[in-house]
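> Here you go, sequence then predicted model.
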Amino acid sequence: MVKLRRPRAEREPVSTAGLLVRFTAAGLIVLLSLAALIAYIARQAGIEQASESARQVTYVTARGVVEPRLTAEVVAGQPAALQEFDTAMRRYVLQGSLVRVKLWNADGTIVYSDQSELIGQTFPLGPEEIEALRVQGSASEVSDLSRPENRFEIPYEKLLEVYVGVRAANGEPMLFEAYFQYQAVTEAGQAAWQRFAPPSLGALLLLELVQIPFAWSLARRVQKQQRDRARLLQHAVEASDAERRRIAGELHDGVVQELTGLNYALDAMRLGHPTEGQRAELIADSASRLRGSIGSLRSLLVDIYPPNLAEEGLASALAELAAGLERVGIDVRLETDGAEQLPPAAAALLFRAAQEIIRNVAAHSGAREVLISADRSDGVARLVVDDDGRGFDESRLDERSSSGHLGLRSIGDLLADSGGMLTVRAAPGQGTRVEVEVPV
C-alpha cells in the first residue's frame, strides 16, 4: 500500500531567518516604543501624585496650622503677633521640600512671609489666586520666578507653588501660599518610573521572547504556503498542457481516424456498384462507428467541461465517467447511494480524482470489471475505484522521473493541500485499488 504525500523537502521552507529577523526587529521597535511610553506615563503619574500630595499638605497646613493663628493682630501686621506666627511656621510648616510660605490679603499685600523683606509689599494677584481666595479653594502651578514677588526664590531654580484660600478670625478672606522644591516632585516621578518600569519592561520582554517561537513557526508556514502555491500553479500549468495534448491525441487517433475511415468507406460505396447487401452492411457498420465516435466525443466533452456538480450531483457525474468505461467494453459496478448532498468543494475534489483514476483504468489497466463506489461517513467523503486489471508495482509511484503516474501524484498533492489523502494498493497481476478521502 502506498499513500501519496508530498516529499518532506517540499513541505519545509528553504530559510526562515529573514522573516524571523524582520519580526524580531519589529517586536523590538514596538518594545522600545512601549518602554518609552510606559516611562513617560509612569513619570507623569509620579509627578501628578507628588503634586497632589503637595496640595494636600498645603491644604491641611492651611486649615490646621495657619487658619487657627490668623488673629486680628496677625492680620493687622503687629510685630509681636507676626513673630509668634513666624515661630509656628518655622516649627510646624517650613520643613522638607516646603521652602517658602506667604500670606496674602485680598488687595495683594503680603501680610506674612518667612522672607521678611516681602512683608507689607503689594503685588497684583493672578486670576487663579483671586479665584482661590474668592471660593476658598486651592490650586497649584509651577512658579513664575520672573515675577517680582518671587525674586527671592530664584536660587531654587524651579518651585511648585500651592495656594489655599483661608479666613482670619474676623472672617476676612486671605490666601496662604506654600512653595515646594520641584526637584522633590521630579524625584517622585523618577521613583514611580523606577518602581513600575522593571516589571512592565520585563513583561514586555518576556512576551517578545515567547512570541519568537511562534514567529518562527508562522514564518515556516508562510514560506511553505508560498512554495505550495507555486508548486500547485506549476502542476496546474503542466496538467493543463498535458490535458490539451491528451485530448488532441485522442481526437486525432480516435474520432478523426474513425470518421476518416468511415468517409473513405462511404466514398468507395458511392463510386462503386455495391449490392443491396453490401449497402445494408455498410450502413449498419457506419451507424455503429458513428455511435462509437459520438460516445468518444461525449467522453471528451465531460473531460473538457465537467458537469455542474452543484446541480447534478456527484452520482450523476460519476455515472458519466462510468459510461465512458462501458463504451470501451469494461463492466462497471457503480455504488453512489452515499454520495449525495456533499459540499461542492468535496464533490469537486472527488470528481477530479475519479477523472484521473478512471482515465488510467481505461488506458493502462486492461481490466474487465471495475467497482466505483462513493459514500460519506464520520465526516469523511470517500471514493473507491477497484479494478481487476494487470496492476503494477507500487514502488513506481515514488519514482519522480516516471511520467506514467504524474497525474496520480498531482491529484495526491491537491488532496493533501485540502487535508485529504490518496491511497493506492496495487501489485502486478492483482489489479489496483485506489481510495480517496476528503474531510467534509
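Great, that's in hand.
> going forward, measure contacts between C-alpha atoms and count neighbours the same way
Fine.
> List phi and psi for Glu172.
According to degrees, to the nearest 10, the main-chain angles of Glu172 amount to phi -70, psi 130.
> What about it, how many residues nearby?
Glu172: 13 surrounding residues under other C-alpha atoms under 10 Å.
> how about Ser140, secondary structure?
Assigned by DSSP: H, G, I helix; E, B strand; the rest coil, the conformation of Ser140 is strand.
> so what's it closest to, chain neighbours aside?
Spatial nearest neighbour of Ser140, excluding adjacent residues (C-alpha to C-alpha, 6 or more residues apart in numbering): Val162 at 4.3 Å.
> OK, contacts around that neighbour?
By C-alpha atoms under 8 Å, 6 or more residues apart in numbering, the contact set of Val162 is Ala54, Arg55, Thr58, Ser138, Ala139, Ser140, Glu141, Glu177, Ala178, Tyr179.
> Mind giving me the ChimeraX command for buried ones among those residues?
One line in ChimeraX is enough to select the buried ones among the contacts of Val162; burial here means 16 or more other C-alpha atoms under 10 Å:
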select :54,55,58,138,139,140,177,178,179
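> and of the contacts of Val162, the nearest to Val255?
For the contacts of Val162, the residue nearest Val255 by C-alpha to C-alpha is Glu141; the value is 99.1 Å.
> can you pull the contacts of the closest one?
Each residue near Glu141 by C-alpha under 8 Å, 6+ apart is listed here: Leu160, Glu161, Val162.
> which residue ranges form the helices in the stretch 151-300 of the chain?
Using DSSP state H, counting those that start in this stretch, the helices found in the stretch 151-300 of the chain span residues 182-250, 257-271, 276-304.
> Go ahead and confirm Gly137 touches Val164.
Yes - assessed by C-alpha atoms under 8 Å, Gly137 is found in contact with Val164 at 5.7 Å.
> Pipe the helices of the stretch 151-300 of the chain into a markdown table and attach distance to Asn150 per row.
Output for the helices of the stretch 151-300 of the chain, formatted as a markdown table (distance: least, C-alpha to C-alpha, whole Å):
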| stretch | distance to Asn150 |
| --- | --- |
| helix 182-250 | 15 |
| helix 257-271 | 114 |
| helix 276-304 | 95 |
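> Go through those helices and name the closest to Leu321.
Across these, closest to Leu321 is helix 276-304 (C-alpha to C-alpha), at 7.4 Å.
> coming back round to it: is it possible to get JSON lines of the helices of the stretch 151-300 of the chain that adds mean neighbour count?
Compiled in JSON lines, the helices of the stretch 151-300 of the chain are given as follows (neighbours: other C-alpha atoms under 10 Å):
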{"stretch": "helix 182-250", "mean neighbour count": "15"}
{"stretch": "helix 257-271", "mean neighbour count": "13"}
{"stretch": "helix 276-304", "mean neighbour count": "15"}
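> Output the ones you listed as JSON lines; include the columns distance to Glu320 and mean pLDDT.
Listed next are the helices of the stretch 151-300 of the chain as JSON lines, based on distance: least, C-alpha to C-alpha, whole Å; pLDDT from 0 to 100:
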{"stretch": "helix 182-250", "distance to Glu320": "17", "mean pLDDT": "71"}
{"stretch": "helix 257-271", "distance to Glu320": "22", "mean pLDDT": "77"}
{"stretch": "helix 276-304", "distance to Glu320": "8", "mean pLDDT": "73"}
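> ok, back up a step: which residue of Gly137 and Val164 possesses the greater neighbour count?
It is Val164, of Gly137 and Val164, that has more neighbours when counted by other C-alpha under 10 Å, with 26 against 16.
> Would you mind listing where the stretch 51-200 of the chain has pLDDT under the threshold?
188-189, 191-194, 196-197 (pLDDT under 70).
> With that, I have no additional questions.
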